[in-house]
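Compute the structure for the input listed below.
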Amino acid sequence: MLILSIEAARIRRILGYPELITAIRMNGSNGISAVSSSMMRGFWTEIEATDVPSASAFNMGEAILHGLACAYINLPRACARGAKMATARRVGVLSIIEENLTDPELSPAKIAAKSYMSVRYVHRLFSSERETVREYILRRRLELASQILASPTQKGRTITAIAADSGFNSVAQFCSVFRHRFGMTPGEFRIFEERSSAGEVMPSD
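Purely as a prediction, here's the structure:
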């Protein structure tokens, strides 16, 4: 048996109302649910057998979440109509954040204006979560930046360009918050991911 532990905020970006599909058994032998099952088992096997770079693991995790969403999409209980209004509005706010994530001017006030809510209400929608609106935006930007840094096709890009493409208007701030989150600078993270992909081991301090 495989058990996946997924952050509520992360799964809601893919499955808007996970609370509506709790404990529904899906057939893993055919259809899209079989594809999702195969992806999860294959990923688990690779994780156990090899050292998978963190960025690759993150991207594969996103693919698995999308696979799960496809498997549940035809279930009546998975539709938005059964969700509470606050949940529906929060999902709408998350969608706005994702669509405007690379905008350095994105703020609770701008989100509120785009979603036709008050700033206070936008903050209230996050009150039951572990992150504030700004913390959520920062985490998503750092996740995006880490994916770009780890991509072999992005080797020629500068840290400054990647910071800008991830929604940061200050490379100094980007490097500071990145180090706080990942324990290394963006440049060190890039080297670490390159060496991990090549099977090398970074020397410890």
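
was I right about residue 36 contacting residue 70?
Yes - counting by Cβ atoms under 8 Å, residue 36 touches residue 70, with 7.1 Å between them. From N, CA and C alone the C-beta is placed, and that goes for glycine too.

ok, these two, which is more surrounded?
Neighbour count, other Cβ atoms under 10 Å: between residue 36 and residue 70, residue 36 has more, with 22 against 15.

next one: the helix or strand hosting the more buried one to chain centre, how far?
Using DSSP states H and E, residue 36 maps to helix 31-49. Centre-to-centre, helix 31-49 and its host chain are 19 Å apart (Cα atoms, centre = their mean, to the nearest Å).

Which neighbouring elements make contact with that helix?
Packing contacts for helix 31-49, counted by 3 or more Cβ pairs under 8 Å, 6 or more residues apart in numbering; DSSP states H and E, involve helix 54-72.

quick one: average pLDDT of the helix it packs on?
Averaged across helix 54-72, the pLDDT comes to 70.

same question, stretch 8-18
Mean predicted confidence for stretch 8-18 is 68.

How far does it stretch from one end to the other?
8 Å (Cα to Cα, to the nearest Å).

separation between residue 142 and residue 38?
Residue 142 is 31 Å from residue 38, where distance means Cβ to Cβ, to the nearest Å.

Looking at those two, which one has more neighbours?
Neighbour comparison, residue 142 and residue 38: the larger count goes to residue 142, with 20 against 12 (by other Cβ under 10 Å).

wait, that one sits on residue 178?
Yes - the pair residue 142 and residue 178 passes the contact test of Cβ under 8 Å, sitting 6.1 Å apart.

Now the helix holding residue 36: average pLDDT?
On average, helix 31-49 scores 75.

swap in stretch 106-119?
94.

Restricting to C-alpha, output that stretch in PDB.
Taking C-alpha atoms only, stretch 106-119 is exported to PDB below (Å, rounded to 0.1, in the frame of the first residue of the first chain):
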ATOM      1  CA  LEU A 106       1.300  41.000  -6.900                       C
ATOM      2  CA  SER A 107      -0.100  41.700  -3.500                       C
ATOM      3  CA  PRO A 108      -3.100  41.000  -1.300                       C
ATOM      4  CA  ALA A 109      -4.600  44.300  -2.500                       C
ATOM      5  CA  LYS A 110      -4.100  43.400  -6.100                       C
ATOM      6  CA  ILE A 111      -5.600  39.900  -5.600                       C
ATOM      7  CA  ALA A 112      -8.600  41.400  -3.800                       C
ATOM      8  CA  ALA A 113      -9.200  43.800  -6.700                       C
ATOM      9  CA  LYS A 114      -9.000  40.900  -9.300                       C
ATOM     10  CA  SER A 115     -11.300  38.700  -7.200                       C
ATOM     11  CA  TYR A 116     -13.800  41.500  -6.300                       C
ATOM     12  CA  MET A 117     -13.300  41.000  -2.600                       C
ATOM     13  CA  SER A 118     -12.000  43.100   0.200                       C
ATOM     14  CA  VAL A 119      -8.300  42.700   1.300                       C
END
